[in-house]
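J.: just need the structure, nothing else, for what follows:
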Amino acid sequence: MIDDRLLIEELLIGLAPDHVVLHTTSYWYYRACRVAMLAGGGHLSGPFERLEGGQQERAILSLLELRSDISLPDPRPTVPQMARLARRYPRLNLLNLEAIAAGQVLSATMWLSTETARGVLPAVLDQEQVPWQTVTVATA
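T.: Prediction:
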């Protein structure tokens, strides 16, 4: 499962080997689309700003029509798991709750960008025994 920054990287230049099945969450997908459209210059939108006009437009459109080989978690098992997690971690935001729940439901290893790995998510993933690793991208 890849976070929003790694999703952008995958769509722009490729990140994962062919044999790896990729997932992301609805909130990470939303954030990637949002920053692509706004191009605000932060760590998420920076890769888009480095592209020429035509390339930038194609990259943004690739996010708006997520490739079929990158799946999103089914909300039917994910949402109830989010609610259970919210009882244990009432201060976590929806983005993190969805990521942890999806990781659990899919039995996925979370690939976190350097920026995400600096946040609160890794400690909770460890507590919930969801495997994760930091993936550093060259354009970060």
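
J.: hey, which helix or strand in the chain has the poorest pLDDT?
T.: When the helices and strands of the chain are compared on mean pLDDT, DSSP states H and E, helix 46-49 comes out lowest with a mean of 59.

J.: helices of this structure, residue ranges please.
T.: Counting by DSSP state H, the chain has helices at residues 4-12, 26-38, 46-49, 53-64, 75-88, 94-106, 114-117, 121-127.

J.: just so I know, which of those helices lies nearest Val137?
T.: Taking Cβ to Cβ as the measure, those were each checked against Val137, and helix 4-12 came out nearest at 4.8 Å. C-beta: built from backbone N, CA, C; applies to glycine.

J.: and that closest one, what's its mean pLDDT?
T.: Throughout helix 4-12, pLDDT has a mean value of 87.

J.: that helix: how far from the chain's middle?
T.: The chain centre lies 8 Å from the centre of helix 4-12; the measure is Cα atoms, centre = their mean, to the nearest Å.

J.: much appreciated, bye for now.
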